[in-house]
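**Q** sharing a sequence plus its predicted fold:
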Amino acid sequence: MFDDTHRQDALRYLMELDYEQDIYGELAVFHILQGEHVEKAMQSLQFTADWFEHPHPQGRDLRGESDFAAIRMLCALYEPECYDRLTDAVKLSLKRFYLERDFSSIYGSENHALMFHASRFLAAQFYQGEHFACYGISTEECYEKELAYLHAFLDFRAGRGWGEFDSLGYAMEVMIILCTLHKYAKNQGLKNKCHMAMDVILLDMMADSLGELYGGAHG
């Protein structure tokens, strides 16, 4: 059972992580939310928001994991404790990333598809009244388009099952997407579907676990 002791242990663990591993911005957002190492965290977050303005820090294709950065940086936009602390330069870099850069991945797998569409949906919701320069579409039009896509995606998965989440690596990414949608989407129907999808995935993980060991891919 996850109690406050586990929570404090997790917080201490996150506070001690090395920024060199934080290429998607999640540790930076966490530190800004906690009010710790804010200046360094701000620099790290801006580096991630400027994803397409410099080479990949590990030498890979920028279009491979741009959606990984997109889904994780949304917390910086939606959490007031984080967004209100951001400098104008970081806010501008985030806005350029979401509205002017194509952050879709070159990979078309299940988790990448959901990650991109969820990120674009929440970006459209946040930047209402703006325009996606790289996609040639208004945020309002994009919002309706992505809302329909996400409803259809989750309906399909509810009836057919998920192809990737039996691998723990993919399960983590899918849960990050669903949790982010559930927390920040304003559409109640979509929030409910994300909640139910997470319940089903967790139940499946429990059924597939041996004691407390979930293990690797089960497909």
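**A** Looks like it came in fine. Keep in mind that this is a model prediction, so the values were computed, not measured.
**Q** now do the residue nearest the centre of the chain against L213, distance only.
**A** Compute the mean C-alpha point of the chain, and by CA atoms, centre = their mean the closest residue is I71, 2.3 Å away. I71 is 28 Å from L213, where distance means CB to CB, to the nearest Å. For the C-beta atoms, the positions are set from N, CA and C on the backbone; glycine is no exception.
**Q** picking that back up, and the residue nearest to the centre of the chain, what is it in contact with?
**A** 115, 118-119, 176-177, 180 (CB atoms under 8 Å, 6 or more residues apart in numbering).
**Q** what about those, which are in helices?
**A** 115, 118-119, 176-177, 180 (DSSP state H).
**Q** residue ranges with poor pLDDT in this structure?
**A** 1-3, 19, 165, 215-219 (pLDDT under 70).
**Q** show me where it has its helices.
**A** Secondary structure of the chain by DSSP H: the helices cover 4-15, 26-34, 38-49, 66-78, 80-83, 88-100, 110-126, 139-160, 168-184, 188-208.
**Q** which pair of the contacts of I71 spans the longest distance?
**A** S119 and I176 (10.8 Å; CB to CB).
**Q** the more surrounded of the two?
**A** S119 (26 against 17; other CB atoms under 10 Å).
**Q** nearest spatial neighbour of the more buried one, chain-adjacent residues omitted?
**A** Spatially, and ignoring its direct neighbours in sequence, S119 is nearest to A70 (3.8 Å; CB to CB, 6 or more residues apart in numbering).
**Q** sorry, back to before: in CSV, list the contacts of I71 along with distance to L45.
**A** Output for the contacts of I71, formatted as CSV (distance: CB to CB, whole Å):
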residue, distance to L45
M115, 19
A118, 20
S119, 16
I176, 17
I177, 20
T180, 16
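**Q** quick one: which of those residues is nearest D61?
**A** Set against D61, the nearest of those by CB to CB is M115 (16.1 Å).
**Q** shouldn't E26 be in contact with R72?
**A** Yes. Using CB atoms under 8 Å, E26 makes contact with R72 at a distance of 4.4 Å.
**Q** for E16, the count of nearby residues, please.
**A** Neighbours of E16 using other CB under 10 Å come to 7.
**Q** contact partners of stretch 45-65?
**A** Under CB under 8 Å, 6+ apart, the answer for stretch 45-65 is 22-25, 28-29, 32, 66, 69, 73, 76, 86-87, 89-90, 93-94, 96-97, 101-107.
**Q** let's go with 6 Å and repeat that
**A** Contact with stretch 45-65 is made by 23, 25, 28, 66, 69, 90, 93-94, 97, 101, 106, as judged by CB atoms under 6 Å, 6 or more residues apart in numbering.
**Q** okay if I get the helices of the chain as JSON lines plus distance to F132?
**A** Converted to JSON lines, the helices of the chain look like this (distance: least, CB to CB, whole Å):
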{"stretch": "helix 4-15", "distance to F132": "32"}
{"stretch": "helix 26-34", "distance to F132": "23"}
{"stretch": "helix 38-49", "distance to F132": "16"}
{"stretch": "helix 66-78", "distance to F132": "13"}
{"stretch": "helix 80-83", "distance to F132": "20"}
{"stretch": "helix 88-100", "distance to F132": "6"}
{"stretch": "helix 110-126", "distance to F132": "7"}
{"stretch": "helix 139-160", "distance to F132": "6"}
{"stretch": "helix 168-184", "distance to F132": "18"}
{"stretch": "helix 188-208", "distance to F132": "20"}
